[in-house]
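Colleague: Sequence and predicted model, in that order:
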Amino acid sequence: MTFKKLSLVSVLFVCQFALAQNDSIRTLEVVEISDVQLKNYSNSQSVQKLNDSIINKNQSSLTSLLNYNTVIYFKENGLGMVSSPSFRGTTAQQTAVIWNGININSQLNGQTDFNTLTTRNFDNITVRAGGGSSIYGSSAIGGSIHLNNNLSFRNHFDNQVRLSYGSFNTFGGHYKIDVSDGKFAVQASISRNSSDNDYDYLDTDKKNENGQFYNTSINVVAGYKLNDSNILKIYSQVFDSERHFSGSLGFVSKTKYQDVNTRNMLEWTGLYSKFTSKFKVAFISENYKYFEDAEGTFFTHGKTESAIAKYDLAFNLNEEISVNSIFEYNRTKGFGSDIQEEVREIGSGTLLFKLLVSDAFLYELSVRKELTNNYKSPVLFSLGTNLKVTSFYNLKFNASRNFRIPTFNDLYWRGSGNPELNPETSYQAEIGNDFTFENFTFSATGYYIKIDNMLRWSPESGSLWTPNNVAKVKTYGVEGYLNWNKNFGKNNFDFNASYAYTISNDEKLDKRLIYVPYHKLTSSASYSFGDFTAYYQYLFNGEVFTSSDNAYTLDGYSVSNIGINYTFFKSVDIGFEALNIYNENYQSTLNRPLPGRNFNMNLTFKF
Amino acid sequence: MKFCKLFLVALTGAVFFVSCNSDDDNAPELPLGAYDNGFLVLNQGNFGSSNSNVSYISNDFATHQNGIFNIVNPTITMGDTGQDIGFNEDLAFIVLNVSNSIQVVNRYTFEHVATINAGLSNPRYIAFANGKGYVTNWGNATVATDDFVAVLDLASYAVTATIPVVEGPERIIEANNILYVAHHGGYGYGNSVSVISTSSNTVTSTIQVADVPNSLDVEDGFLYVLCGGKEAWTNDETTGALYQINLNGNHATTYNFPTGNHPANLVIEDNKIYYTVDSDIFMKTINAELPTQPLFSTTAQGVYGVYSFAVENNKIYVGDAGDYNSNGKVYVYSMTGSMQNQFTVGVIPAGIYFND
């Protein structure tokens, strides 16, 4: 991996609309990626793309990648356990995860567990901050995380094997093949991660008992060019994991949890002069089993199966005007030991419009309406502009209305679900400033989000808990990203930083939301000389409240990691990493310590 | 060079936040030394968060301290999901459900004496008889056949024997060296009381009662058992009942509650029977019929389900769990229901214990 590649991908802000005007690039994108709106209709928001070289420099969980490289805050119930994000001060259900254009947040609990996604299965992972419901549907309030596989039709044959081993008997194995003859293209990968995860709780005589886990994922993307204007593609992923849920400082757990998630999508792309059509059929399932006693045979379980049909027609009248319509039908069936068996059907129509008024100014508009008998569906919209003020300064503005729909658990939990629930809805606005100099990019975004009808579970009478649309939340703040890189002969320097200041306020209680820090800072510095690279990562999460009356807090913490890499013969890469080098005793969730200083090494072969 | 400046800002920013964070701690609270002549409130804490703790409030209400276990024993995490406190001589036994442990402390100083970690499985409530401790255990909540009462040696603090019982043993009370265990139910719903001989440590008989016996008391030769019945949301609602059982025989007087009433929190004090239904406090004279009107209601304080309850020293004490995530409250009422004092205690006040 050369440093030039590295510096290219580490440019945090993609100057999108320069690309959007280039037709050959646009066509290539349409062929390679499924989530076209991410490129074409995200010009007025903050978009951060993490490419494979960044993915490879981080641990394999999506939690770790995003925690160390973005403004998104995470809390983990111990390393590798359930992991919940808070993006721009919102709840875990208000961040959407989009797999190749399809929303994969759990239909059962509304969120994605970021420790059930292996980053190495994707070519790039893009963080799109702010409202996105008008394009991506439920949960895109704080923002959306896009997991993309790019299928390349250029003639090539590449293989990669990556092995890693580290403290606590932590193993990572990954193999990927990427091949195309120009007409037929396949990218397939298999990943396996496992760990005994029995780290010591610092400053105590306890350790993280019953925390062992493994996961295996298989990913296949295949495409076939029927002719110059028709392409068929299949995206397929299976993720299988078993985690023993670790205890805490106050108890030893004996539970375990199994996840099996499958995602399959067939896509037919048609390119016809000014029209691009994509027809997609997807089948997505999630399935969990929870064993209160890991040794026992009794478990509770839940499962959903979703069938999705999506038609996406884009029309480019000329270089200035683009129109895109999307029709989607989603049928989800949920069942399990704790929910009533129910089927939910949702139809939606989306219209997107973009106008390049001049080389320096564009605006984009999207509107979505869903039809379902399940809940009252508001009209969702997004309106944004991007103005190139000077050669080095872009000013962005976006306002949107977004929502988070009630989940199967909220609606149909046996005895306590509330079928009358409506979506949580938000109005939000943001202003972004992007500065681009020769070696240096900087962006600062201020945002304001007002969320109504927030769902809260509370006891009604006796021991019955039930959810209602009762809470109101206001969240606002600023976030900034910084990148600098420079070459001096064979020496290359790269520096990235992100910072977020967040105020997230429950309007009824007039208290801060729990597990939202005021401050989060990440930074990374990397130096390379020829085939040698060394890097340093730093993460600071500020103090958080752990109770809704803000009576209890959990201290902030700083964690630093270092790593070195050396590449032999352009094809063999060996790396060492030391994580939490200052042996910080820290918790991201109350009384659940995270590991002290630990080490790992990795070996990558490319052929 | 601009970059240098920004880099500095980023770095100094980090230092600033760290230092901000570390200097806002107040001076640590000091132990009071004596936690008698008052009552303890066991704050259950949140499942899995290990934030259970104990509050102390003096009988004259002048002294109040939260988190006393941590204040006295700062290096020990008390545990997860405090369920019950039992007193035996100078010791308090704090039963921690999720931790599968009991913290033994001096009941007056709260200094840690021992931790019982072995032999408990989903422990619930504790009683003492015949020089031993007896702790009800659900075992694995999803297995109906592994429930037991653990016998605790009070010299070695070890579980020395187990007495198998039917599913869901909850409250336990001693009378004349005989133990009565209410089978509230684990995952399911129980409807019996086991009678245990402490000389043989075996179940000698079983008393059938209505569904969900949730509280017990003994007074003047009678055992009182309050059954809540199954709630409406179970889709199999049953009615509650109060049993008055002669300890010398099994003759029982039964008082049936009307449909939709699910009583809990039985306390007998000065020949009066007290219990709660949702937010209402009821008082029944012994041998009288069930009252139709509550003594008073706690709705003015926003209590939507009395979480813990006590009657002592001519006062009525109500623990309110609030939103189950914030600090709870203890309200103190006169015997006629006028609110006299309130205290903010820890998360989910689950029990009130007088420590005189």
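Modeller: The structure has been received and is ready for your questions.

Colleague: does stretch A:276-295 come close to chain B?
Modeller: Yes: counting by C-beta under 8 Å from any C-beta of the partner chain, contacts between stretch A:276-295 and chain B involve A:Glu292, A:Asp293. C-beta coordinates here come from the backbone N, C-alpha and C atoms, glycine included.

Colleague: That stretch: how far from the chain's middle?
Modeller: Mean-position distance between stretch A:276-295 and its chain equals 16 Å (C-alpha atoms, centre = their mean, to the nearest Å).

Colleague: got the phi/psi numbers for B:Val303?
Modeller: Dihedral pair for B:Val303: phi -80, psi 120, per degrees, to the nearest 10.

Colleague: again with A:Asn124
Modeller: Per degrees, to the nearest 10, the backbone of A:Asn124 is at phi -150, psi 150.

Colleague: number of nearby residues for residue 169?
Modeller: All of this is about chain A. 12 (other C-beta atoms under 10 Å in any protein chain shown).

Colleague: The intended chain is chain B.
Modeller: Counted by other C-beta under 10 Å, the residues lying close to B:Pro169 total 30.

Colleague: What of A:Thr589?
Modeller: Using other C-beta under 10 Å, A:Thr589 has 23 other residues around it.

Colleague: Now do the spatially closest residue to it that is not a sequence neighbour, the pLDDT please.
Modeller: Closest residue in space to A:Thr589, ignoring its immediate chain neighbours: A:Lys75 at 4.8 Å, by C-beta to C-beta, 6 or more residues apart in numbering or on different chains. Listed pLDDT for A:Lys75 reads 94.

Colleague: same deal with A:Leu6?
Modeller: We have a pLDDT of 34 for A:Leu6.

Colleague: is the residue nearest to A:Thr589 in a bridge, and if so with what?
Modeller: For A:Lys75, the beta-bridge assignment (DSSP bridges) gives partners A:Ser84.

Colleague: ok, longest strand in the chain?
Modeller: No chain specified, so I'll use chain A. In chain A, ranked by residue count with DSSP state E as the criterion, the top strand is strand A:465-488.

Colleague: you looked at the wrong chain, it should be chain B
Modeller: Per DSSP E, chain B has its longest strand at strand B:339-347.

Colleague: and it, which residues are buried?
Modeller: Buried residues in strand B:339-347, counting neighbours by 16 or more other C-beta atoms under 10 Å in any protein chain shown, are found at B:Phe343, B:Thr344, B:Val345, B:Gly346, B:Val347.

Colleague: picking that back up, just checking, the residue nearest to A:Thr589 touches A:Ser84?
Modeller: Yes: here A:Lys75 reaches A:Ser84: they are 5.6 Å apart, a contact under C-beta atoms under 8 Å.

Colleague: Quick one: mean pLDDT for the longest strand of chain B?
Modeller: For strand B:339-347, mean pLDDT is 95.

Colleague: That strand pairs with which strands?
Modeller: Note on strand B:339-347: by DSSP bridges, its sheet partners are strand B:327-333 (antiparallel).

Colleague: Rounded mean pLDDT for the strand it pairs with, please.
Modeller: 96.

Colleague: how distant is that strand from the center of its chain?
Modeller: 15 Å.

Colleague: swap in stretch A:268-283?
Modeller: Using C-alpha atoms, centre = their mean, the offset of stretch A:268-283 from its chain centre is 25 Å.

Colleague: mind listing what's buried in it?
Modeller: Going by neighbour count (16+ other C-beta under 10 Å), the buried part of stretch A:268-283 is A:Thr269, A:Leu271, A:Thr276, A:Ser277, A:Lys278, A:Lys280, A:Ala282.

Colleague: which residues sit in contact with the fourth one?
Modeller: Contact partners of A:Ser277, counting by C-beta atoms under 8 Å, 6 or more residues apart in numbering or on different chains, are A:Thr269, A:Gly270, A:Tyr311, A:Asp312, A:Leu313, A:Ala314.

Colleague: how about these in JSON lines, adding secondary structure?
Modeller: Listed next are the contacts of A:Ser277 as JSON lines, based on DSSP: H, G, I helix; E, B strand; the rest coil:
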{"residue": "A:Thr269", "secondary structure": "strand"}
{"residue": "A:Gly270", "secondary structure": "strand"}
{"residue": "A:Tyr311", "secondary structure": "strand"}
{"residue": "A:Asp312", "secondary structure": "strand"}
{"residue": "A:Leu313", "secondary structure": "strand"}
{"residue": "A:Ala314", "secondary structure": "strand"}
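
Colleague: can I get the residues you listed in JSON lines with distance to A:Tyr501 and pLDDT?
Modeller: Formatted as JSON lines, the contacts of A:Ser277 follow (distance: C-beta to C-beta, whole Å; pLDDT from 0 to 100):
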{"residue": "A:Thr269", "distance to A:Tyr501": "42", "pLDDT": "92"}
{"residue": "A:Gly270", "distance to A:Tyr501": "46", "pLDDT": "92"}
{"residue": "A:Tyr311", "distance to A:Tyr501": "42", "pLDDT": "95"}
{"residue": "A:Asp312", "distance to A:Tyr501": "37", "pLDDT": "94"}
{"residue": "A:Leu313", "distance to A:Tyr501": "41", "pLDDT": "93"}
{"residue": "A:Ala314", "distance to A:Tyr501": "37", "pLDDT": "92"}
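
Colleague: Point me to the residue of the stretch 151-300 of chain B nearest chain A.
Modeller: Nearest to chain A in the stretch 151-300 of chain B, going by C-beta to the nearest C-beta, is B:Trp233, at a distance of 4.3 Å.

Colleague: doesn't that residue fall inside a strand?
Modeller: No: according to three-state DSSP, B:Trp233 belongs to no strand; its state is helix.

Colleague: Backbone dihedrals for the closest residue to chain A within chain B, please?
Modeller: In chain B, the residue that lies nearest chain A is B:Ser50 (2.6 Å; C-beta to the nearest C-beta). In terms of degrees, to the nearest 10, the main-chain angles of B:Ser50 are phi 50, psi 40.

Colleague: tell me the pLDDT at it?
Modeller: 93.

Colleague: which residues does it contact?
Modeller: B:Ser50 makes contact with A:Ser248, A:Leu249, A:Gly250, A:Phe251, A:Leu590, A:Asn591, B:Thr77, B:Met78, B:Gly79, B:Asp80, B:Val98, B:Ser99 under the criterion C-beta under 8 Å, 6+ apart.

Colleague: Quick one: low-confidence residue ranges for chain A.
Modeller: Along chain A, the model assigns pLDDT under 70 to residues A:1-31, A:461-463.

Colleague: Quantify the burial of the residue in the stretch 51-200 of chain A positioned nearest to chain B by counting its neighbouring residues.
Modeller: With C-beta to the nearest C-beta as the measure, A:Asn77 is the residue of the stretch 51-200 of chain A nearest to chain B, at 7.6 Å. Burial of A:Asn77 is recorded as 23 neighbouring residues (other C-beta under 10 Å).

Colleague: My read is that it contacts A:Thr589, right?
Modeller: Yes: A:Asn77 is within contact range of A:Thr589, at 5.3 Å (criterion: C-beta under 8 Å).

Colleague: Now do A:Ile54: how many residues are near it, please.
Modeller: A:Ile54 has 20 nearby residues by other C-beta under 10 Å.

Colleague: Check which helices and strands the helix or strand harbouring it sits against.
Modeller: In the assignment (DSSP states H and E), A:Ile54 maps to helix A:52-56. In terms of contacts (3 or more C-beta pairs under 8 Å, 6 or more residues apart in numbering or on different chains; DSSP states H and E), helix A:52-56 is packed against helix A:3-9, helix A:62-69, strand A:124-129.
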